[in-house]
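Undergrad: predicted coordinates and the sequence they were generated for:
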Amino acid sequence: MAFLHGPVPSRFERLVSATPAQFERDLRASWPAVSGSAVEGVLRVAGDGVALVIGLQVLPLRRLGLFELPQLGVDYRFEVGDEPARRRLLMLLDRGMQKGGG
């Protein structure tokens, strides 16, 4: 999870290892009222005084030997919401989209 000790800015980018379809599926599992689609490259999350637009850009595969990982550039842009509201929404989304690992 990002922004543990600092403010959540109104706009930031992340590099995610997922396909657009995987990202959308996990986002909808975290927040069922998502609008837009990964096919369009734009997803929107709104509620509780916050509006977030998420832009998706497919990047080249990351290769580690014979292993290939999908790469997705994700642009988070909060259109509405103060910093505490942005933090609450981001924590909820990050928790819901978190994958297992070790």
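TA: Alright, I've got the coordinates.
Undergrad: can we go C-alpha only for contacts and neighbour counts from here?
TA: Will do.
Undergrad: leaving aside the residues next to it on the chain, what's closest to Asp48?
TA: Distances taken as C-alpha to C-alpha, 6 or more residues apart in numbering put Ala85 closest to Asp48, at 7.7 Å, once the chain neighbours are dropped.
Undergrad: which positions in the helix or strand hosting that neighbour come out as buried?
TA: Under the criterion of DSSP states H and E, Ala85 resides in helix 83-97. With burial defined by 16 or more other C-alpha atoms under 10 Å, the residues of helix 83-97 counted as buried are Ala85, Arg86, Arg87, Leu89, Leu90, Met91, Leu93, Met97.
Undergrad: ok, stretch 10-30 next?
TA: In stretch 10-30, residues buried by neighbour count (16+ other C-alpha under 10 Å) are Val16, Ser17, Ala18, Thr19, Pro20, Phe23, Glu24, Arg25, Asp26, Leu27, Arg28, Ser30.
Undergrad: how far away is the residue nearest to the fifth one when sequence neighbours are not counted from Leu4?
TA: Same thing as Pro20. By the measure of C-alpha to C-alpha, 6+ apart, the closest residue to Pro20 outside its immediate chain neighbours is Ala38, 5.3 Å from it. Between Ala38 and Leu4 the distance, using C-alpha to C-alpha, to the nearest Å, works out to 28 Å.
Undergrad: who has more neighbours, the two?
TA: Neighbours were tallied for Ala38 and for Leu4 using other C-alpha atoms under 10 Å; the higher tally belongs to Ala38 (19 against 9).
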